[in-house]
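**Q** this one's structure only:
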């Protein structure tokens, strides 16, 4: 029995988990950076922006050592935990949150709403175009990631599709129909995600163009 569906399930778990965690951490951090004042806020935000300029190849070995020290090596968590916070996501959500009038949040606080309630009922609905765009980018990045799974995973059953497809092709190189079927199945979830968020994605791009 081919483990292809096991690999497919691994990719779905990793990509969906990473996407949901990035949406949560980015929207929360973006809200805090946009609407709250605290010591060192600007410095911390610039450090987050600076982290976006560091390629993965530079932090590849420290990343592996940390994952190994945490006991996550050769598990799907090794692909999820290191990417659960996104500098790009925080930057994107912070910019969108800054366009939300402070008077809206202040009016909610006067009515007795707490900070987390404001985040859930006011901030998140207004961030839907932003979060849809971020979800597509994050899902694609996680789904197509090849280098990180190649480093963090050893067992064949734990492989994700980009690495597994290379392995599958080496095993079935002469069977072109099987290889093409596997490649088509790899593209299917990406297409579904884009079609599901296309409306909000287009809206987010349009809003960005108007702002520019």
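**A** Looks like it came in fine. Because the structure is predicted, anything quoted here is derived from the model rather than measured.
**Q** top helix in the chain by residue count?
**A** helix 4-35 (DSSP state H).
**Q** and that one, average pLDDT?
**A** The average of the pLDDT scores along helix 4-35 is 92.
**Q** what residues of that helix count as buried?
**A** Applying a neighbour-count criterion of 16 or more other CB atoms under 10 Å, one finds 4, 7-8, 10-11, 14-19, 21-23, 25-35 buried in helix 4-35. Where you see a C-beta, it was placed from the backbone N, CA and C, and this is true even at glycine.
**Q** now swap in stretch 136-144 and tell me
**A** 136, 137, 138, 139, 141, 142, 143.
**Q** now swap in stretch 88-102 and tell me
**A** 88, 89, 90, 91, 92, 93, 94, 96, 97, 100.
**Q** now these as CSV including pLDDT and secondary structure?
**A** CSV is the format used below for the buried residues of stretch 88-102 (pLDDT from 0 to 100; DSSP: H, G, I helix; E, B strand; the rest coil):
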residue, pLDDT, secondary structure
88, 93, helix
89, 94, helix
90, 95, helix
91, 93, helix
92, 91, helix
93, 93, helix
94, 93, helix
96, 90, helix
97, 91, helix
100, 87, coil
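**Q** show me the two of those residues that sit farthest apart.
**A** Spanning the widest gap among the buried residues of stretch 88-102 are 88 and 100, at 19.7 Å by CB to CB.
**Q** thinking again about what came up before, among the buried residues of stretch 136-144, which one lies nearest to residue 44?
**A** Taking the buried residues of stretch 136-144 together and measuring to residue 44 by CB to CB, the closest member is residue 138, at 21.7 Å.
**Q** got the phi/psi numbers for residue 36?
**A** Phi and psi for residue 36, reported as degrees, to the nearest 10, are phi -120, psi 150.
**Q** burial count for it?
**A** The tally of other residues near residue 36 (other CB atoms under 10 Å) stands at 9.
**Q** how near is it to residue 137?
**A** 26 Å (CB to CB, to the nearest Å).
**Q** same question for residue 114.
**A** In terms of CB to CB, residue 114 sits 31 Å off from residue 137.
**Q** again with residue 149
**A** Residue 149 is 19 Å from residue 137, by CB to CB.
**Q** could you do residue 12 as well?
**A** In terms of CB to CB, residue 12 sits 17 Å off from residue 137.
**Q** same check on residue 63?
**A** 20 Å.
**Q** go on, residue 154?
**A** According to CB to CB, residue 154 stands 28 Å off from residue 137.
**Q** can you tell me the closest non-neighbouring residue to residue 123?
**A** residue 31 (5.2 Å; CB to CB, 6 or more residues apart in numbering).
**Q** residues contacting the one you found?
**A** For residue 31, the contacting residues are 93, 97, 119, 123, by CB atoms under 8 Å, 6 or more residues apart in numbering.
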